[in-house]
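Novice: structure of the sequence below:
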Amino acid sequence: MPLQYINELLELPELQLHKVVSMDTQEVHLEASPVAYKQPCPVCDSEQDVKRDGRNKPRQIRHLSVFGKKSYVHVPSLRLACTRCRISFVWTYDFVGPKQRYSRAFRSQTVEQALGSTAAHSARMQEAPASTVQHMHQEALPNESERLLEQAWREAKDSCGLVLGIDDFAIKKGNTYNTGIHNLRGETMLDLLAGRKLEDLRAYARQHPDFLALNPKAVVMDMAPAYHTWISECFPNAIRIADRFHVHGYVIESVQEVRKSVQQTLSPRAKAVLKSHHRLLNPPADSLPEKSKAQLEILLSFSPLLRNVWEWKEAFSQWYDCSPNVSMARLGFTRWLEQGDKIDHHTVRSTLKTMRNWQNAIVNYHRCRWTNATVEGRHNRIKAYQRRHYFTRNRECYKAG
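Specialist: Below you'll find the predicted structure:
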């Protein structure tokens, strides 16, 4: 293939290819030089007073693959001098940054692959060191994160059926928390604010008019009073939904508390069996394999109280899955509360009190069936990032990650 076509293929208009230095089954090395003879002075921007003043060791630049091979472009490192400013400088190429060994096009392609997968996977595809790809990714991340954040806010503002998800995660358990605001329908994070107290949330709303400009149809959150008070102030017309998995967690905790109290009354062998298989009480019975169902039946045979509270938990799962509309959901929820009133255990009574207090937010799930599952997954990824980076506290890193 003539060199002029290779030059067009590489998309390097500032260079003129001279020859193919070497080519094997994996690599191709090309020698090139600038098309122009001189460059303007970086100080006075004059080109007439600039002259060439020799050259340093040639630069070897990794560029995009050609013919399925890694390509390297060898370009001269030209020294220039300006007689007006009395300064010396080195030729600056547009296709590669100063003191860099990888072209801008190669870096852009590598970062794009890394954003879609991982830096390690992109490094294998490009046959480049993983540490180098990681550095490229970190350099490009702030600009890419800002672009994606602007896009996420724009989509949220334009959405006619916006559903927000709000949840917190711990930076330091029991001490410091961050609160995430997510677009559930668009599966994007809008922002991450410090704190979870009501004054922190109100301060955020005052400082961010873009947040108050949103028009959400519904907001999904846990049963923290601060969140519900804040959302009722910011979006009085939005449906406030108590997150299904947080609510269901209260019921599962009740089952486990009853299991612990029953466990103390059993024989040592039965106690050991119940303790070792206690997790079988948590998932819906329909999701268990036949072997686990048989083992679950053994556990339930240890105590009528344990069977009753497990059936009460199963009825709650069916209520979530099978209620066809809001009116039927209200009726079914009342019947489920009555079923729980028949169980004589202090933990169940405490859970029922919580459920009655939050009845409207719980039933609202059947008006807009959304959960914070994607929010929990994203926060778990942030926690994993935190652990791998020596428990960094930088919120900007969490948002970018």
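
Novice: tell me where the stretch 101-250 of the chain has strands.
Specialist: Using DSSP state E, counting those that start in this stretch, the strands of the stretch 101-250 of the chain run over 163-172, 176-183, 188-194, 218-221, 239-242.

Novice: determine the longest helix present in the protein.
Specialist: Ranked by residue count under DSSP state H, the longest helix found in the chain is helix 130-158.

Novice: what's the angle from it to strand 163-172?
Specialist: With axes from the mean of the first three to the mean of the last three C-alpha atoms, to 10 degrees as the basis, helix 130-158 and strand 163-172 are set at 140 degrees to each other.

Novice: what helices or strands is the helix or strand hosting residue 376 leaning on?
Specialist: Assigned by DSSP states H and E, residue 376 falls within helix 373-388. Applying 3 or more C-beta pairs under 8 Å, 6 or more residues apart in numbering; DSSP states H and E, one finds that helix 373-388 contacts strand 163-172, strand 176-183, helix 395-400. Every C-beta, even on glycine, is put in place using the N, C-alpha and C of the backbone.

Novice: C-alpha coordinates for it, PDB please?
Specialist: As requested, the backbone C-alpha atoms of helix 373-388 are provided in PDB (Å, rounded to 0.1, in the frame of the first residue of the first chain):
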ATOM      1  CA  ALA A 373     -32.600  -1.700  44.100                       C
ATOM      2  CA  THR A 374     -30.400   0.200  41.600                       C
ATOM      3  CA  VAL A 375     -29.500   2.700  44.300                       C
ATOM      4  CA  GLU A 376     -28.400   0.000  46.700                       C
ATOM      5  CA  GLY A 377     -26.300  -1.600  44.000                       C
ATOM      6  CA  ARG A 378     -24.600   1.700  43.100                       C
ATOM      7  CA  HIS A 379     -23.900   2.400  46.800                       C
ATOM      8  CA  ASN A 380     -22.500  -1.000  47.300                       C
ATOM      9  CA  ARG A 381     -20.100  -0.300  44.300                       C
ATOM     10  CA  ILE A 382     -19.100   2.900  46.000                       C
ATOM     11  CA  LYS A 383     -18.300   1.000  49.200                       C
ATOM     12  CA  ALA A 384     -16.200  -1.500  47.300                       C
ATOM     13  CA  TYR A 385     -14.400   1.400  45.700                       C
ATOM     14  CA  GLN A 386     -13.900   2.900  49.100                       C
ATOM     15  CA  ARG A 387     -12.400  -0.300  50.500                       C
ATOM     16  CA  ARG A 388     -10.000  -0.700  47.500                       C
END
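
Novice: give the buried residues for that helix.
Specialist: Residues of helix 373-388 classed as buried by neighbour count (16 or more other C-beta atoms under 10 Å): 374, 375, 376, 378, 379, 382, 386.

Novice: thanks again, I'm all set now.
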